[in-house]
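# 3D model of this:
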Amino acid sequence: MTIVAAEQLTKNYVTGDITVQAIQGIEFSIEPASFVSFVGPSGSGKSTLLNMIGCLDPPTNGRLKVVGQDVTRLSPTESAAFRGKHIGFIFQDFNLIPVLTVFENIEYPLLMVQNWPVRKRRQQVEKMLEAVDMQDQARKYPNQISGGQKQRVAVARALVTKAELVLADEPTANLDRKTANRIIGLMKAMRDEFSTTFIFSTHDPKVVKNAEIIYTLEDGKLLQSENGQGGDDV
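Numbering: from 1, shown residues only. Next up, the predicted model:
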């Protein structure tokens, strides 16, 4: 089973009499446990594509299957339920909730989406804290930890629901080189441990260098795909 498959995928935005084709009839497939980057200039359609894969924005035309399910015509309620069960998100600005502790931020998807019982939630959060080496920061708040630590928390939160797929939009943009490399290494290690597929939208050559498959977008069109180096020197 492919983890993501797109057939003639199109996304149009209409403002008045003007129609903008953000994504123009693209096709691709991604296998489970892959480390994939979508690259291209600003406005090429990378973020739009991630939003469609993440069931945040429906396609205009074409077909999109995610984790074996056709998500092309899901209702907003169905999309939210599907995201909560199958997909994690990592953002460049971390998107942590400032009034919640590190522990509570990681726990949040289990409360809001899956409503796990208390004991099971605690065990899963503690497992993720250990995986990202943040056990000693569990009771701190986001404003008390560094940018790299915030992104570690974001990675843990994305994986806490046992998501098969994690979508990362410029996840290293606000990190220095050394910290970015550590975060990339962490995500690759967690891919290997949990068999999670990571899909990136990025300009960062460090992320691209470590991708195993690279898709290039320009003006909403898929220009090429290539095998990356999957570099280990992060």
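
# just the helices in this protein please.
For the chain, the helices defined by DSSP state H cover 46-53, 76-86, 102-109, 118-131, 147-159, 177-194, 205-210.

# Put the alpha carbons of the longest one into PDB.
Included here for helix 177-194 are C-alpha records, laid out as PDB according to Å, rounded to 0.1, in the frame of the first residue of the first chain:
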ATOM      1  CA  ARG A 177      22.500  25.000  11.400                       C
ATOM      2  CA  LYS A 178      23.700  22.700  14.300                       C
ATOM      3  CA  THR A 179      20.200  22.500  15.800                       C
ATOM      4  CA  ALA A 180      18.600  21.900  12.400                       C
ATOM      5  CA  ASN A 181      20.900  19.000  11.800                       C
ATOM      6  CA  ARG A 182      20.000  17.500  15.200                       C
ATOM      7  CA  ILE A 183      16.300  17.800  14.400                       C
ATOM      8  CA  ILE A 184      16.700  16.200  11.000                       C
ATOM      9  CA  GLY A 185      18.700  13.400  12.600                       C
ATOM     10  CA  LEU A 186      16.000  13.000  15.200                       C
ATOM     11  CA  MET A 187      13.200  12.700  12.600                       C
ATOM     12  CA  LYS A 188      15.200  10.100  10.600                       C
ATOM     13  CA  ALA A 189      15.700   8.100  13.800                       C
ATOM     14  CA  MET A 190      12.100   8.200  14.600                       C
ATOM     15  CA  ARG A 191      11.200   7.300  11.100                       C
ATOM     16  CA  ASP A 192      13.400   4.200  11.500                       C
ATOM     17  CA  GLU A 193      11.900   3.400  14.900                       C
ATOM     18  CA  PHE A 194       8.200   3.900  14.200                       C
END
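
# Can you give me every residue that contacts the residue nearest to the spatial centre of the chain?
The centre of the chain sits closest to residue 167, judged by CA atoms, centre = their mean, with a distance of 1.3 Å. By CB atoms under 8 Å, 6 or more residues apart in numbering, the residues touching residue 167 are 50, 53, 54, 87, 88, 89, 90, 199, 201. C-beta here means a position set from N, CA and C on the backbone, and glycine is covered the same way.

# So the third one sits against residue 82, correct?
No - in this structure, residue 54 is not within contact of residue 82 by CB atoms under 8 Å, at 9.6 Å.

# Looking at those two, which is more packed in?
Higher neighbour count among residue 54 and residue 82: residue 54, with 22 against 17, using other CB atoms under 10 Å.

# beta partners for the closest residue to that one other than its chain neighbours?
Excluding its sequence neighbours, the residue lying closest to residue 54 (CB to CB, 6 or more residues apart in numbering) is residue 167, at 5.0 Å. Following DSSP bridges, residue 167 is listed with bridge partners residue 89, residue 199.

# Roughly how far does residue 167 sit from residue 86?
As judged by CB to CB, to the nearest Å, residue 167 and residue 86 stand 11 Å apart.

# just residue 227 next, same as before
26 Å.

# Tell me where the chain is predicted with low confidence.
Within the chain, the stretches with pLDDT under 70 are 114, 229-234.

# one step back: the more surrounded of residue 227 and residue 86?
The residue with more neighbours, out of residue 227 and residue 86, is residue 86; 20 against 9, by other CB under 10 Å.

# quick one: the more buried one and residue 162 touch, right?
No - applying CB under 8 Å as the test, residue 86 and residue 162 come out as separate, 9.2 Å apart.

# number of nearby residues for residue 68?
Residues lying near residue 68 (other CB under 10 Å) number 12.

# With residue 4 instead?
By other CB under 10 Å, the residues close to residue 4 number 23.

# what number of residues lie near the residue lying closest to it once chain neighbours are set aside?
If the residues on either side of it in the chain are set aside, residue 4 comes closest to residue 30, at 4.3 Å by CB to CB, 6+ apart. Residue 30 has 19 neighbours, counted by other CB under 10 Å.
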